[in-house]
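S.K.: Here's my sequence, what's the structure:
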Amino acid sequence: METSPLSPYMLFDRQQWAALRESEPMTLTPEEVDKLKGINDELSIDEIRDIYLPLTRLLYYYVTATTSRQAAMMKFLNQKPSKIPFIIGVAGSVSVGKSTTSRVLQALMSRWKEDTKVALITTDGFLYPNTVLEENGLMLKKGFPQSYDIHRLLQFVSDVKSGKPEVIAPKYSHLIYDVVPDEYEVIRQPDILIIEGLNVLQSGMDYPQSKPRVFLSDYLNFSIYVDAEEDLLEEWYISRFLKFRQGAFANPDSYFYNFTQLTDVGATQMAKGVWREINRKNLRKNILPTRERASLILHKSENHQVDYVRLRR
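M.R.: Numbering: from 1, shown residues only. A predicted model of the protein is given here:
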């Protein structure tokens, strides 16, 4: 472990972090691990063992401590204990593998011996519908702060945190590249809620037009930023785009169906353009500046392998 007196983080290389697994059991099979990875992610049993088992061991301590603190507060207030979900935020760039990280955490934590109920949602569902984005000239800013209904997202998290029996989250379809009308995911008092998205760690300064008084991060008990160098992110984005072109984009109902008519060279150039004109700008201006707000940073190298971890003191 390395520390700097000027940094709020402790730095662990892969070997140092892996040693913190101790006796945390492996509860996933290779087949289950294969199903958890994204279309362009590399995920192995070794990665689960070295990176995610130490992380879920740490999260177990956080959840237990938070539950004890909540019980102490209820005892002080002479009130019956209430179920307040532990909320984890997972942030990072497009194509970095946030969704895979979130699914792995959900799978591992749901198998804790207490049979923990773990829910997972993405902030994509809280994007404004395409019709609204088009009306406001924001289609090329999709994923930027102004493209989200931040007040609706904050109300959702507030309702979950307050223990409401049922809270609905709008669904998003990557096939139609839009929020699905009148379709929702129902969240029913989970023990843990994982919220994954580009904007999880953004603050009020990122939403000057909406002026929220609280931030999503105010509701988080723990936050993770999945990090990688820009050149790798671009490479992963282009690779994922080309794989989607051969798969999901080939569906005539896909928003991106016309891209399947491009040559390989044309598709690659298209993907590079989208990355550099939209996703890279969003990363530099809105996403990367939130990294230092995270409780923990997972830094990835080649093949999506985490090479070091930064944990806030």
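
S.K.: what does stretch 277-289 contact?
M.R.: Stretch 277-289 is contacted by residues 91-95, 140-145, 198-199, 202, 206, 230, 233-234, 237 when judged by CB atoms under 8 Å, 6 or more residues apart in numbering. Glycine gets a C-beta too; all of them are placed from N, C-alpha and C.

S.K.: Same question for stretch 137-155.
M.R.: Stretch 137-155 is touched from outside by 94, 123, 126-128, 130, 132-133, 198-199, 202, 206-207, 209-210, 212, 214-216, 219, 277-279, 282, 285-286, with contacts defined as CB under 8 Å, 6+ apart.

S.K.: do stretch 48-55 as well
M.R.: With CB under 8 Å, 6+ apart as the contact definition, stretch 48-55 has outside contacts at 14, 17-21, 24, 26, 28, 33, 104-105, 108, 224, 296, 298, 306, 309.

S.K.: how about it as PDB, C-alpha atoms only?
M.R.: Coordinates of the C-alpha atoms in stretch 48-55 are reproduced here as PDB (Å, rounded to 0.1, in the frame of the first residue of the first chain):
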ATOM      1  CA  ILE A  48     -13.500 -11.800  -9.400                       C
ATOM      2  CA  ARG A  49     -11.100 -13.300  -6.900                       C
ATOM      3  CA  ASP A  50      -8.400 -10.600  -7.000                       C
ATOM      4  CA  ILE A  51     -10.600  -7.500  -7.300                       C
ATOM      5  CA  TYR A  52     -14.300  -8.000  -6.500                       C
ATOM      6  CA  LEU A  53     -14.100 -10.400  -3.500                       C
ATOM      7  CA  PRO A  54     -11.900  -7.900  -1.600                       C
ATOM      8  CA  LEU A  55     -14.300  -5.200  -2.600                       C
END
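
S.K.: pLDDT of it, averaged?
M.R.: The average pLDDT for stretch 48-55 rounds to 97.

S.K.: Determine how far that stretch lies from the middle of the whole chain.
M.R.: Relative to the mean C-alpha coordinate of its chain, stretch 48-55 is positioned 17 Å out (CA atoms, centre = their mean, to the nearest Å).

S.K.: For that stretch, buried residues please.
M.R.: Judged by neighbour count using 16 or more other CB atoms under 10 Å, the buried positions of stretch 48-55 are 48, 50-55.

S.K.: Check stretch 76-94 too.
M.R.: Counting neighbours by 16+ other CB under 10 Å, the buried set in stretch 76-94 is 84-94.

S.K.: Mind naming the longest helix for the chain?
M.R.: The residue-count maximum for a helix in the chain (DSSP state H) belongs to helix 53-76.

S.K.: in it, what counts as buried?
M.R.: By neighbour count on 16+ other CB under 10 Å, the buried set for helix 53-76 is 53-56, 58-60, 63, 66.

S.K.: And for stretch 32-52?
M.R.: With burial defined by 16+ other CB under 10 Å, the residues of stretch 32-52 counted as buried are 33, 36-38, 40-41, 43, 47-48, 50-52.

S.K.: Run a quick neighbour tally on residue 165.
M.R.: Residue 165 sits with 10 neighbouring residues when counted by other CB atoms under 10 Å.

S.K.: all numbers from here: first residue = 48
M.R.: Yes, from this point I'll number from 48; that puts the last item at residue 212.

S.K.: ok so it is a helix residue?
M.R.: No: with DSSP: H, G, I helix; E, B strand; the rest coil as the criterion, residue 212 is assigned coil and is not in a helix.

S.K.: Residue 351 against residue 88, yeah?
M.R.: Yes: the pair residue 351 and residue 88 passes the contact test of CB atoms under 8 Å, sitting 5.2 Å apart.

S.K.: Brilliant, that's me finished.
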